[in-house]
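Novice: what shape does this take:
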Amino acid sequence: MKTRFIKYLCVLFIPLLFSFTSQDDTLHLHSDDKKLFYYHSEWYSCAKTGRDLLKNKKQLLHAIEWIDHSLDLDINTLNLEIKGDYYLKVGDLLSAIEQYKKALKVNSTQYCLEEDFKRIEKKLAKLNRKKE
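Specialist: Predicted coordinates for the structure are as follows:
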C-alpha cells in the first residue's frame with residue numbers, strides 16, 4: 001500500500017520538477033519566417049496580457065496595470081505601442097500620439113521588425129489627421 005502511494009506521488013511530481021527547468025530568455029531571430037521569438041521574456045508576457053485585456057472595455061484598468069508593469073521591466077517599441085493603443089481605446093488621442101512617437105524614437109530593433117515600425121507610423125499618421 002505504501003509503495004503504491006509513493007509511486008503515485010512520483011508519477012504526479014516528476015513532471016512538475018521538469019516544468020521548473022531554466023528557459024533561455026535570449027531573443028532568437030528565426031531566419032525562415034523572420035519572426036522574433038521572445039516569448040520567455042517577462043516584459044513580453046505582461047505586454048501581451050495588457051494587449052489582450054484591451055479587447056474588453058471592462059478590463060481597461062487591468063490592462064494599463066499590465067502595460068505599465070511591462071514598461072517597468074523594459075522600455076521598448078512594442079510595449080510603448082501597446083500603451084498608445086490603450087490611450088487610443090480610452091479616447092486620449094494626444095497621449096496615444098505621444099506614446100507612438102516614443103515607440104518610434106526608442107527604435108528597439110532587437111524586438112521589432114521593419115513592418116512593426118511601419119504599422120506604428122501608420123497609426124501615428126492616422127491620429128495626426130484626426131487631430132487636425
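
Novice: can we go C-alpha only for contacts and neighbour counts from here?
Specialist: OK.

Novice: where in this protein is pLDDT low?
Specialist: 1, 5, 7-40, 132 (pLDDT under 70).

Novice: how about the strands in it?
Specialist: Taking DSSP state E as the test, the strands found in the chain are 28-30, 35-37.

Novice: could you measure from the spatially most central residue of the chain over to residue 80?
Specialist: Nearest to the centroid of the C-alpha atoms of the chain, with distances taken as C-alpha atoms, centre = their mean, sits residue 47, at 2.8 Å. Using C-alpha to C-alpha, to the nearest Å, one gets 9 Å for the distance from residue 47 to residue 80.

Novice: what do you get for residue 68?
Specialist: Distance of residue 68 to residue 80, computed by C-alpha to C-alpha: 9 Å.

Novice: looking at these two, which one has more neighbours?
Specialist: Counted by other C-alpha atoms under 10 Å, residue 68 and residue 80 do not tie: residue 80 has more neighbours, with 26 against 20.
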